[in-house]
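Colleague: Kindly return the folded structure for what I paste below:
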Amino acid sequence: MLVNYPDLFPSVTDLLATLAEMLGTKAFYIALCNTLYRGLIGFILAFVLAISLSAIALNSQFVKVFIHPWIVIMRSIPVISIVLIALLWLSPPGLPIFISFFTMFPILYQNFLSGLEQTDRKLVEMAKVIKKNNLQRLLYLYLPSAHAYAFSGMATAMGFGWRSVIIGEVLSGPVHGIGTGMKKAQAFIDMKELLAWTVIAVLISFIFDYVLKLIAAKPVKFKLSEVSQSKKTNTISADIKELTLISLNKKFNSKQVIQNLSMQLSNQTVNLIQTASGSGKTSLMNLIAGILKADSGQMIFNPEQPVISFSYQDIRLVPWFTMEQNIAFSLPSFPNITQDDLQKINTLIHQMELDEHKGKLPDELSGGEQQRVNLARALMLPCHILLLDEPLNGIEDSLKKRLIKFIEDWTSSYKPLILWATHLEVEAYLKGDVSEVRVSR
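Modeller: From the prediction side, this is the model:
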């Protein structure tokens, strides 16, 4: 109003009128669709490559170190330099796609990798013990854990990406596009149309950012799928199961936790470790489960490749799984379960006295309730070796007695080798034979 030069400083009413006029033309929607197409193609290419390379880098230090300087270079190069170089390489329609990819890829890769690396290491260890493969760990642990980082990266990348696409269109001049419309408006000194295209570009960025935030706000959810009974079922027989330890040693820094430990364990008795905290019983179980590696010594299993199930002292429930899903996670077929599996899950929930908590997530349960879900998950998997590390912590005495009897009854059909670390006098409640295990230091 002060300058009074509407050709360079149009009024708001003139701007809105120009916007309304543009929205009524076919050319506007063609330009809009072409820009959206180029931006989305660039984003999809960047997304696929970023998630693939970040997953590889997570498991390969060499790949991570190799890629890092290239990411730094890609983030440091000015966009205009990329555009000018790409103008010599690519046709006008392809240049905006390349620019958007080049701009978004390093942001997506860094956020995806950071999110994957934030995954709880103990959950990954738990998944490895129950033989979850790389894809299963990626789908059910790493990606849900990286959820917040991923969407934050996508929102940031798209903010830069749309600007880059339009810059590419302005300089390369494809037939249709928002950038092409801006360039034409600038050439004819049509400030109203130039500002109108700018408003459209801002609205596109805002809408995508809003949609991503809505999706990111939704909690990660999984479903169990009931399938027909498999003709071939993996069963564990009640045959003899043995574990021989020969001169086993393990130390952390200078502290010797397990020293020259030799013993033979079998499933003919329940093997109890009843020693004070810090005596190495959890370390021994982690060695047997493969979570830790012994400094020296041997472990000989019979059978050679045993199925191992573990009730952890520190619980290790998956935060985004319901109680039923956490129990079913130990099954090789997860998330597919049979009618028999579902019946076993419901039986375990009932025996753990958790019926009223069906469908709840771990953070909706008390410490004692989480401990019982942890125990139920270990019992759900028929196994050769069952490791119980203080499985009844946080549970009141009368329920402890009932659960001790239930554990023995539940495992009687396949008779795993049970190694049970506890401060309780559980032998008084067991019907079968009990052996005391001493962890020498």
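Colleague: which other residues reach stretch 79-92?
Modeller: Outside of stretch 79-92, the residues within contact range by CB atoms under 8 Å, 6 or more residues apart in numbering are 95, 98-99, 102-103, 163-164, 167-168, 171-175. From N, CA and C alone the C-beta is placed, and that goes for glycine too.
Colleague: That should have said stretch 52-70, apologies.
Modeller: 109, 112, 113, 116, 117, 134, 138, 142.
Colleague: how about a cut-off of 10 Å?
Modeller: Residues outside stretch 52-70 that contact it (CB atoms under 10 Å, 6 or more residues apart in numbering): 71, 105-106, 108-117, 119, 134-135, 137-138, 142-143, 146, 150.
Colleague: Which residue ranges of the stretch 251-400 of the chain form strands?
Modeller: With DSSP state E, counting those that start in this stretch, the ranges of strands along the stretch 251-400 of the chain come out as 255-266, 270-273, 296-302, 308-311, 336-337, 385-389.
Colleague: now those as JSON lines including distance to residue 65?
Modeller: Shown next, in JSON lines, are these (distance: least, CB to CB, whole Å):
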{"stretch": "strand 255-266", "distance to residue 65": "31"}
{"stretch": "strand 270-273", "distance to residue 65": "42"}
{"stretch": "strand 296-302", "distance to residue 65": "31"}
{"stretch": "strand 308-311", "distance to residue 65": "33"}
{"stretch": "strand 336-337", "distance to residue 65": "38"}
{"stretch": "strand 385-389", "distance to residue 65": "36"}
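Colleague: and residue 362, which of the ones you listed is closest to it?
Modeller: Among the strands of the stretch 251-400 of the chain, strand 308-311 comes nearest to residue 362, with 14.9 Å by CB to CB.
Colleague: any idea of the mean pLDDT in the lengthiest helix in the chain?
Modeller: When the chain is parsed with DSSP state H, its longest helix is helix 26-59. Taken as a whole, helix 26-59 has a mean pLDDT of 93.
Colleague: After it, which helix or strand is next?
Modeller: Beyond helix 26-59 in the direction of the C-terminus, DSSP states H and E gives the next helix or strand as helix 61-76.
Colleague: before we move on, back to that, nearest to residue 352 among the contacts of stretch 79-92?
Modeller: For these, the minimum distance to residue 352 (CB to CB) is 52.0 Å, reached by residue 103.
Colleague: Could you give the number of residues near the closest residue to that closest one other than its chain neighbours?
Modeller: Using CB to CB, 6 or more residues apart in numbering and skipping the chain neighbours, the partner closest in space to residue 103 is residue 164 (4.2 Å). Here the number of neighbours of residue 164 (other CB atoms under 10 Å) works out to 25.
Colleague: Run the angle between whichever strand or helix holds residue 164 and helix 26-59 for me.
Modeller: Residue 164 belongs to helix 147-172 when assigned by DSSP H and E. When axes from the mean of the first three to the mean of the last three CA atoms, to 10 degrees is applied, the directions of helix 147-172 and helix 26-59 differ by 130 degrees.
Colleague: Which strands and helices lie in contact with helix 147-172?
Modeller: Helix 147-172 sits against helix 26-59, helix 79-89, helix 94-117, helix 178-187, helix 191-217, with contacts defined as 3 or more CB pairs under 10 Å, 6 or more residues apart in numbering; DSSP states H and E.
Colleague: Looking at those, which is nearest to residue 318?
Modeller: Distance to residue 318, taken as CB to CB, is lowest for helix 94-117 among the helices and strands packed on helix 147-172, at 15.6 Å.
Colleague: what's the angle from the closest one to helix 61-76?
Modeller: If you take the same axes, to 10 degrees, helix 94-117 sits at 130 degrees to helix 61-76.
Colleague: Lowest mean pLDDT among the helices and strands, pick that one out for the protein.
Modeller: Here the helix or strand of the chain ranked lowest by mean pLDDT, DSSP states H and E is strand 434-436, holding a mean of 76.
Colleague: From what I see, residue 312 and residue 374 are in contact.
Modeller: Yes - taking CB atoms under 10 Å as the definition, residue 312 is a contact partner of residue 374 at 6.2 Å.
Colleague: re the thing from before, buried set for the helix holding residue 164?
Modeller: Neighbour-count burial for helix 147-172, with 16 or more other CB atoms under 10 Å as criterion, is recorded at 147, 149-172.
Colleague: about what we covered before: would you turn the contacts of stretch 79-92 into CSV with pLDDT?
Modeller: Converted to CSV, the contacts of stretch 79-92 look like this (pLDDT from 0 to 100):
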residue, pLDDT
95, 86
98, 89
99, 89
102, 91
103, 91
163, 87
164, 87
167, 88
168, 87
171, 84
172, 84
173, 82
174, 84
175, 84
